[in-house]
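>>> Sequence below, structure please.
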Amino acid sequence: MQCPHCGFNQEAADICPACGLVFAKYARRQERLQQAESAAASPAKGASSRVWLLIGGALLAGLVAGLLFRGPKAPAPSASAPSDLAEPSLADFAGEPPAAAAYPDLAAEAGAPPAAAVADLPLPTASSIQLARDATVLIRTPWGSGSGFFIDDRGRIVTNRHVVEFDEKQADLLRAKIGQLEAVLKAEKKILARMEVELDRVRDADLRPRYTQILQRRQAEYARYQELLQRLEEQRRNIDYYSPLNNLQVVLADGSEYGIAEATLSDHFDLALLSLLGRTPESATSIAPNFKLLDQGDKVYTVGCPSGLRHTVTAGIVSGYRRYGDGLVVQTDAPINPGNSGGPLIDSRGRVIGVNSMIIQGTEGIGFAIAIQDVWDEFALDLAE
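Okay, the predicted model is just below:
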């Protein structure tokens with residue numbers, strides 16, 4: 001038969017060996033396909049049987065890979081817990097090579113700025129908002145980053161528990177995906193070895209360059225997935241051997257970095273209390289709390305490090321107060337993006353009224369912060385204004 005796309009003459013087959021057109025898909029698009037029995041001239045019999053084994057192996061590998069990479073999931077705009085691993089689509093191999101896998105780094109909070117050219121500038125200090133900003137810190141973990149803020153002159157920091165503790169369900173998901181990818185790569189390796197042998201037997205001068213190109217593309221894809229597997233395994237090791245006291249890093253507004261001496265995790269709220277390692281730096285200014293409920297419509301500000309952009313301030317209003325579990329949360333339309341988790345929600349006088357924690361998935365402008373009264377009660381902190 002003649003390929004309706006490129007005109008290549010071939011035996012009856014599911015795909016065109018010249019351009020990779022999948023005839024069944026073409027038939028659905030065009031609503032008709034020439035009968036396979038009308039195939040025209042074909043390569044020599046001996047070469048053709050080996051060639052179809054080659055193409056069949058390529059198609060099989062694409063289908064097997066498709067069992068793992070089932071297409072992308074809709075992004076879940078949640079800052080309340082580590083996000084699911086993205087699942088990029090790996091098309092069945094036919095003709096043009098599928099795009100390389102694009103697993104993002106596993107991260108509850110994205111840890112890198114969107115562009116390498118983004119650089120931090122010196123921070124001016126004058127207003128109460130800027131003072132609260134200076135009391136906010138970036139918290140780095142092996143899987144990403146979040147925010148926190150000083151609550152006293154003893155160097156103690158409040159943040160979210162999910163910022164400093166990796167969700168075990170997500171860790172299990174990562175391990176399962178690593179196992180799946182290992183199995184797919186093992187099968188692919190065998191197929192590539194067989195393709196190399198069969199390619200050596202192809203003597204047709206017109207077909208050999210095309211099949212060589214197919215093999216090279218598959219080998220390049222295999223190498224990219226091998227690199228992906230290595231990155232995922234490194235992430236798994238970092239998580240398996242993670243300890244807050246050994247692997248957390250706190251970055252202050254002046255750029256100085258510190259380790260953690262102590263970490264207390266709340267059993268009732270998405271909260272954690274950290275203590276800096278060593279002497280408390282002079283730059284570790286604290287934020288005063290405001291335990292009074294604000295009125296709806298009052299202006300508030302989020303301070304944090306969204307996507308690794310340190311000490312970012314955004315504004316919104318108090319949308320309301322809600323009961324959540326055993327506690328109270330402040331609802332706000334002030335942006336709470338990945339990286340803001342654990343940072344302070346402050347009033348117009350720079351006093352903290354809540355700890356930025358989560359948003360409702362699939363929405364915009366509906367964020368929540370744990371009320372600061374619950375924070376003080378949970379950790380039995382000294383009361384202030």
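>>> Can you tell me the strand partners of the helix or strand in which Arg323 is found and which way each runs?
For Arg323, the element it lies in under DSSP states H and E is strand 312-324. According to DSSP bridges, strand 312-324 has the following sheet partners: strand 299-304 (antiparallel), strand 327-332 (antiparallel).
>>> pLDDT (mean, whole number) over it?
On average, the pLDDT along strand 312-324 is 94.
>>> Just the buried residues of that strand, please?
For strand 312-324, the buried set under the neighbour-count rule, 16 or more other C-beta atoms under 10 Å, comprises Thr312, Val313, Gly316, Ile317, Val318, Ser319, Tyr321, Tyr324. Using the backbone N, CA and C atoms, a C-beta is placed for each residue, glycine as well.
>>> quick one: contacts of it?
129, 133, 293-306, 328-335, 340, 365-368, 371 (C-beta atoms under 8 Å, 6 or more residues apart in numbering).
>>> ok, now with 7 Å
Contact with strand 312-324 is made by 129, 133, 293-306, 328-335, 368, as judged by C-beta atoms under 7 Å, 6 or more residues apart in numbering.
>>> Mark which of those residues are buried, thanks.
Buried, going by 16+ other C-beta under 10 Å: 129, 133, 294, 300-306, 328-332, 334-335, 368, out of the contacts of strand 312-324.
>>> I'd say Glu262 and Leu276 touch.
No: using C-beta atoms under 7 Å, Glu262 is not in contact with Leu276, being 9.1 Å away.
>>> Pick out whichever of those two has more residues nearby.
Leu276 (21 against 12; other C-beta atoms under 10 Å).
>>> partner residues bridging the more buried one?
Under the criterion used (DSSP bridges), Leu276 bridges to Ile260.
>>> who's in contact with it?
Applying C-beta under 7 Å, 6+ apart, the residues contacting Leu276 are Gly155, Val250, Tyr258, Ile260, Ala261.
>>> coming back round to it: of the buried residues of strand 312-324, just say which sits nearest to Asp382.
In terms of C-beta to C-beta, no member of the buried residues of strand 312-324 lies closer to Asp382 than Tyr321, at 24.3 Å.
>>> Now tabulate the strands paired with strand 312-324 in JSON lines and tack on distance to Phe149 and mean pLDDT.
Formatted as JSON lines, these follow (distance: least, C-beta to C-beta, whole Å; pLDDT from 0 to 100):
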{"stretch": "strand 299-304", "distance to Phe149": "7", "mean pLDDT": "94"}
{"stretch": "strand 327-332", "distance to Phe149": "15", "mean pLDDT": "95"}
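>>> Can you tell me which of the contacts of Leu276 are buried?
Gly155, Val250, Tyr258, Ile260.
>>> Isn't the third one up against Thr280?
Yep, that's Tyr258 we're talking about. No: with contact defined as C-beta under 7 Å, Tyr258 does not count as touching Thr280 (9.2 Å).
>>> Checking Gln361 next. Helix, strand or coil?
Secondary structure, DSSP: H, G, I helix; E, B strand; the rest coil: Gln361 is coil.
>>> Next one: it relative to Gly325, how far apart?
Gln361 sits 18 Å away from Gly325 when distances are taken as C-beta to C-beta, to the nearest Å.
>>> One more: Gly350?
28 Å.
>>> Could you chop this protein up by domain?
43-78+81-100+168-239, 128-166+247-378 (automatic domain parsing).
>>> Return the most buried member of these.
Of all those, domain 128-166+247-378 has the most neighbours on average by mean count of other C-beta atoms under 10 Å, namely a mean of 20.
>>> start to end distance for it?
26 Å (C-alpha to C-alpha, to the nearest Å).
>>> now swap in stretch 130-147 and tell me
16 Å.
>>> before we move on, what about stretch 299-308?
25 Å.
>>> Any regions of the protein where pLDDT drops low?
Residues of the chain meeting the criterion pLDDT under 70: 1-2, 4-126, 383-385.
>>> ranges for the strands of it?
Using DSSP state E, the strands found in the chain span residues 136-141, 144-150, 156-159, 249-251, 257-258, 260-265, 272-276, 299-304, 312-324, 327-332, 344-346, 352-359, 367-371.
>>> Is it possible to get a markdown table of these that adds distance to Asp172?
Conversion of the strands of the chain to a markdown table gives the following (distance: least, C-beta to C-beta, whole Å):
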| stretch | distance to Asp172 |
| --- | --- |
| strand 136-141 | 18 |
| strand 144-150 | 18 |
| strand 156-159 | 24 |
| strand 249-251 | 26 |
| strand 257-258 | 31 |
| strand 260-265 | 20 |
| strand 272-276 | 22 |
| strand 299-304 | 28 |
| strand 312-324 | 26 |
| strand 327-332 | 28 |
| strand 344-346 | 32 |
| strand 352-359 | 22 |
| strand 367-371 | 27 |
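>>> which one of these lies closest to Phe166?
strand 136-141 (7.6 Å).
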